[in-house]
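Fold the stuff below for me.
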Amino acid sequence: MEQLSKMPFKEFSIDWRTKAKISSNNAARFFNMNPLQEIHGEEVGRTNREMILFRANRIAIKNGDKKPFRENDADKNYVDFTEEQRVLIIDALNEISHFGRNLPAFIPIADCRINI
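Next up is the predicted model:
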């Protein structure tokens, strides 16, 4: 019998989600989410993104890296970021989820890959 090679958990979870055809990407949905313009105005959605990117920058600094996000990155969509940046965004969303009820309790790291 062939011996199976070990796979890191991150790669396993990404591979599993791809094979299971799970297309709902919570990280993309919650990062791109903007409130209705008639009710809150356009600036509220941009402020939410700025807060998420600010938290992601703090996580990167804590890990000893440079700040990967600039102020004008709040205008981008989730798919416009690199995979490494999306991992930081997911980490930031998971930290922010402890402070409110609008986000799920946990967003898996596999959401850094986008199935297009």
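
Going by C-alpha atoms from here, please, whenever you check contacts or count neighbours.
Will do.

Low-confidence regions, this protein specifically.
Counting by pLDDT under 70, the chain shows low-confidence ranges at 1-2, 17-24, 34-45, 100-105, 113-116.

Do a quick rundown of the helices in it.
Remark: helices assigned in the chain by DSSP state H are 9-19, 26-32, 42-62, 83-96.

what helices or strands is the last one leaning on?
For helix 83-96, the packing partners by 3 or more C-alpha pairs under 8 Å, 6 or more residues apart in numbering; DSSP states H and E come out as helix 26-32, helix 42-62.

ditto for the second one
Under the contact definition 3+ C-alpha pairs under 8 Å, 6+ apart, helix 26-32 sits against helix 42-62, helix 83-96.

May I see those helices arranged in TSV, with mean neighbour count as well?
Listed next are these as TSV, based on neighbours: other C-alpha atoms under 10 Å:
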stretch	mean neighbour count
helix 42-62	18
helix 83-96	20
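
closest one to residue 8 among those?
Evaluated with C-alpha to C-alpha, these place helix 83-96 nearest to residue 8, the distance being 15.7 Å.

JSON lines please, covering the helices and strands packed on helix 26-32 and showing distance to residue 70.
As requested, the helices and strands packed on helix 26-32 are exported to JSON lines (distance: least, C-alpha to C-alpha, whole Å):
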{"stretch": "helix 42-62", "distance to residue 70": "8"}
{"stretch": "helix 83-96", "distance to residue 70": "12"}
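
so which of the helices and strands packed on helix 83-96 gets nearest residue 80?
Residue 80 sits nearest to helix 26-32 of all the helices and strands packed on helix 83-96, at 10.5 Å, using C-alpha to C-alpha.

Sweet, I'm off.
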